[in-house]
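Peer 1: With the sequence up front, the predicted model follows.
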Amino acid sequence: MRKILVLLIIMVSVVFLLAACGGAGKQELAKELHVYNWSEYIDPQIYADFEEEFGVHVVEDTFASNEELLAKLQAGATGYDIIVPSDYMVKIMIEEGLLAELDRENIPNITNIDVKFADPPYDPGMVHCVPYQWGTTGIGYNSEAFDEAPDSWVYLFDPAVAAEYAGQFTMLNDSRESLGAALKYLGYSLNTTDEAQLMEARDLLIQQKQWVYAYDSEQYEDLISADETVMAHGWSGDFFMAAVEDERIWYAIPQEGGVIWADNLCIPKTAPSQYTAEVFINYLLQPEVGAAISNFTWYASPNAAASEFIDAEILEEPAIYPPPEVLEKLEWLRDVGEATPLYERMWTEIKAAGP
């Protein structure tokens, strides 16, 4: 009897010990998740669905450029759990020690990422970030204002052509994108570190400024729809999403080539709730959720498992999923290293110049 009692005591002790160990290792979800995202870059219903399923309320703030995002973090912002930087900015943030490493055990759906994006040059092996959406930068336009698609940077930079549309087009309020467009028009790489080439691009943008309606990264497609402008330098998905409401709007990838980019889901080192952020990333990587994002934004998805749920008109549109011969002319924006201050100086001089 005594032996049985001793065994029972041992068994009960083991149960309590295991329970204690399990409780110590268990992570709890935060009540709120703070996301710093691009404007109109996710279907709000996804936030609502996540809150319903996990009991976590999502709070979103927005930014207009990668440089704005970087400056916010460098200034000491500590309240964000998820940020959405573009490819070249991811590398900069890694080098500055601003990003946390992902715990893949909390993100099993990471295996849904297409092999083409699983080892990105800016974050080999997806150690810090997971690709969110990808697309191109080109020219959106009101099709009623053109006899043919404005599929060349000539429309924005050639004086004989751009002057015809004076005050009727916008440029992105983004140093790398706008300088990149000018560099492509001039026949140079988007990632040049040659000061003479950058000065030529700067001078071109200063010359162009007299015809530009505004530098804008947030409402350029709305300006076309409102007939304030007829053309805009911008990101592909914004124009396609606007086309759902206004069939006059369409988009062209310039013949000379342009930017191919991927935005990414990353967690700052200062994130208050990294575990909750990883649960959220895993949720977004579900095939149906990944498709819902692309069906809302009209950007291409790096989530291979989402393809079967993405609308056919998106999957089959070559301006969204470009053919190989077009992809060959596109460049990733890369970290230009020591030339970064040079880009910043050129952009400051452009913005400060008249008129």
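Peer 2: Yep, it's here.
Peer 1: ok, the residue most central in space within the chain - contacts?
Peer 2: In the chain, the C-alpha closest to the average C-alpha coordinate belongs to D263, at a distance of 2.7 Å (Cα atoms, centre = their mean). D263 makes contact with W38, Y41, V84, P85, S86, D87, P131, Y132, Q133, W134, according to Cβ atoms under 8 Å, 6 or more residues apart in numbering. All C-beta atoms are positioned from the backbone trio N, CA, C, and that covers glycine.
Peer 1: Tell me if it really is in a helix.
Peer 2: No. Per DSSP: H, G, I helix; E, B strand; the rest coil, D263 lies outside any helix segment and is strand.
Peer 1: Quick check: the gap between it and Q208.
Peer 2: 27 Å (Cβ to Cβ, to the nearest Å).
Peer 1: next one: A226
Peer 2: A226 sits 22 Å away from Q208, going by Cβ to Cβ.
Peer 1: When these two are compared, which one has more neighbours?
Peer 2: Q208 (22 against 10; other Cβ atoms under 10 Å).
Peer 1: Confirm for me that the more buried one is in contact with D158.
Peer 2: No. Look at Q208 against D158 with Cβ atoms under 8 Å: they stay out of range, at 9.7 Å.
Peer 1: give me the low-pLDDT residue ranges for this structure?
Peer 2: For the chain, the stretches with pLDDT under 70 are 1-26, 355.
Peer 1: how's it carved up into domains?
Peer 2: Listed domain ranges for the chain are 32-134+261-320, 136-259+330-352 (source: automatic domain parsing).
Peer 1: what comes up buried for stretch 314-323?
Peer 2: I314, E317, A319, I320, Y321, P322 (16 or more other Cβ atoms under 10 Å).
Peer 1: Give me the distance between that stretch and the centre of its chain.
Peer 2: Its chain's C-alpha centre and that of stretch 314-323 lie 18 Å apart, by Cα atoms, centre = their mean, to the nearest Å.
Peer 1: Can you give me the end-to-end span of that stretch?
Peer 2: End-to-end distance of stretch 314-323 (Cα to Cα, to the nearest Å): 14 Å.
Peer 1: what residues does that stretch touch?
Peer 2: Contacts of stretch 314-323 (Cβ under 8 Å, 6+ apart): 135-136, 236-237, 240, 250-253, 294-295, 298-300, 307, 326, 330.
Peer 1: run the last query once more with 10 Å
Peer 2: Stretch 314-323 is contacted from outside by 134-136, 138, 149, 151, 236-237, 239-240, 250-253, 260, 291, 294-295, 297-301, 307-308, 310-311, 313, 326-330, using Cβ atoms under 10 Å, 6 or more residues apart in numbering.
Peer 1: what do Q208 and D158 both touch?
Peer 2: Y185.
Peer 1: Tell me where the stretch 251-355 of the chain has strands.
Peer 2: Using DSSP state E, counting those that start in this stretch, the strands of the stretch 251-355 of the chain run over residues 259-266, 331-332.
Peer 1: Please identify the deepest-packed of those.
Peer 2: Greatest average neighbour count among those goes to strand 259-266 (a mean of 24), per mean count of other Cβ atoms under 10 Å.
Peer 1: Tell me which residues of stretch 106-122 come out buried.
Peer 2: N106, I107, N109, I110, N112, I113, D114, F117, A118, P120, Y122.
Peer 1: Among the residues you listed, which lie within strands?
Peer 2: If you go by DSSP state E, the buried residues of stretch 106-122 have nothing in strands.
Peer 1: what would these look like in TSV with distance to Y213?
Peer 2: Below are these laid out as TSV (distance: Cβ to Cβ, whole Å):
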residue	distance to Y213
N106	45
I107	42
N109	42
I110	42
N112	41
I113	38
D114	37
F117	35
A118	40
P120	34
Y122	32
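Peer 1: Mind picking the two most distant members of these?
Peer 2: Using Cβ to Cβ, the pair of the buried residues of stretch 106-122 lying farthest apart is N106 and Y122, separated by 22.2 Å.
Peer 1: Give the full set of residues in contact with the nearest residue to D311 once chain neighbours are set aside.
Peer 2: Setting aside the residues directly before and after it, D311 is nearest to N295 in space (Cβ to Cβ, 6 or more residues apart in numbering), at 5.3 Å. N295 sits next to D43, M241, S301, A306, F309, I310, D311, E313, I314 when contact means Cβ under 10 Å, 6+ apart.
Peer 1: buried subset of the contacts of stretch 314-323?
Peer 2: Among the contacts of stretch 314-323, those scoring as buried are 134-136, 138, 151, 236-237, 239-240, 250-253, 260, 291, 294-295, 297-301, 310, 326, 330 (criterion: 16+ other Cβ under 10 Å).
Peer 1: what separates A162 from V212, distance-wise?
Peer 2: Counting by Cβ to Cβ, the gap from A162 to V212 is 9 Å.
Peer 1: Now for those two: what residues contact both?
Peer 2: Contact criterion Cβ under 10 Å, 6+ apart; residues bridging A162 and V212 by contacting each: L156, Q168, F169.
Peer 1: any idea which of these is closest to K269?
Peer 2: Among these, and counting by Cβ to Cβ, the member closest to K269 is L156, at 38.8 Å.
Peer 1: Since that was my last question, I'll sign off now.
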